[in-house]
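1. here are the coordinates; sequence isn't available:
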Ligand SMILES: N=c1c2ncn([C@@H]3O[C@H](COP(=O)(O)OP(=O)(O)OP(=O)(O)O)[C@@H](O)[C@H]3O)c2ncn1[C@@H]1O[C@H](COP(=O)(O)O)[C@@H](O)[C@H]1O
């Protein structure tokens, strides 16, 4: 398997998928699954807040970009755990992004109002 962006995401998703039914005392992912839905989803809210705080720190010059990358990685990881919990994969998200590719958000939003 290649180690490009999609390859890394797919490999991590395989590992996450393999944790269904695993021992929560031996796997953080299994621990999150055992707390689903509320405990697992709460982590996504926390990680999203941490992304916002890290981005604000970069914006006001008090934080470094590597910390923002670190927090976004946490958010992506916890979102991938939630996807796996419901039988979904990063490939599903990438397919949705590909479907949207080239369609301006402004145009798409205007078409929603016309519906
Ligand atoms: N990518 C990750 C990954 N990113 C973040 N984390 C964990 O996510 C947790 C988030 O920590 P926080 O700092 O946000 O929370 P905390 O305050 O320390 O802890 P809480 O008080 O919130 O419980 C930490 O325990 C991190 O180690 C991850 N844990 C696992 N993975 C991947 O998942 C795979 C399987 O992990 P296990 O199931 O644990 O084997 C690993 O091989 C990795 O590839």
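-> Received it, and whenever you're ready, just let me know what you need. Just so it is clear, the structure is predicted and the values come from calculations on it, not from any experiment.
2. contact partners for the residue nearest to residue 29 when sequence neighbours are not counted?
-> Leaving aside its sequence neighbours, residue 29 sits nearest to residue 19 (C-beta to C-beta, 6 or more residues apart in numbering; 3.9 Å). In this view, the C-beta of every residue, glycine as well, is placed from N, C-alpha and C. By C-beta atoms under 8 Å, 6 or more residues apart in numbering, residue 19 lies in contact with 27, 29, 30, 33.
3. and the helix or strand bottoming out on mean pLDDT in the chain, how far from the chain's centre?
-> The helix or strand of the chain with the lowest confidence, counting by mean pLDDT, DSSP states H and E, is helix 105-114 at a mean of 86. When C-alpha coordinates are averaged (C-alpha atoms, centre = their mean, to the nearest Å), helix 105-114 and its chain have centres 25 Å apart.
4. 38 is where my numbering starts, stick with that
-> With 38 as the first residue, the last one maps to helix 142-151.
5. other residues contacting it?
-> With contacts defined as C-beta under 8 Å, 6+ apart, helix 142-151 is touched by residue 137.
6. inside helices: which ones of the contacts of residue 56?
-> 66, 67, 70 (DSSP state H).
7. reformat those as JSON lines; add neighbour count and pLDDT.
-> What follows is the ones in helices among the contacts of residue 56, written out as JSON lines (neighbours: other C-beta atoms under 10 Å; pLDDT from 0 to 100):
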{"residue": "66", "neighbour count": "23", "pLDDT": "98"}
{"residue": "67", "neighbour count": "18", "pLDDT": "98"}
{"residue": "70", "neighbour count": "22", "pLDDT": "98"}
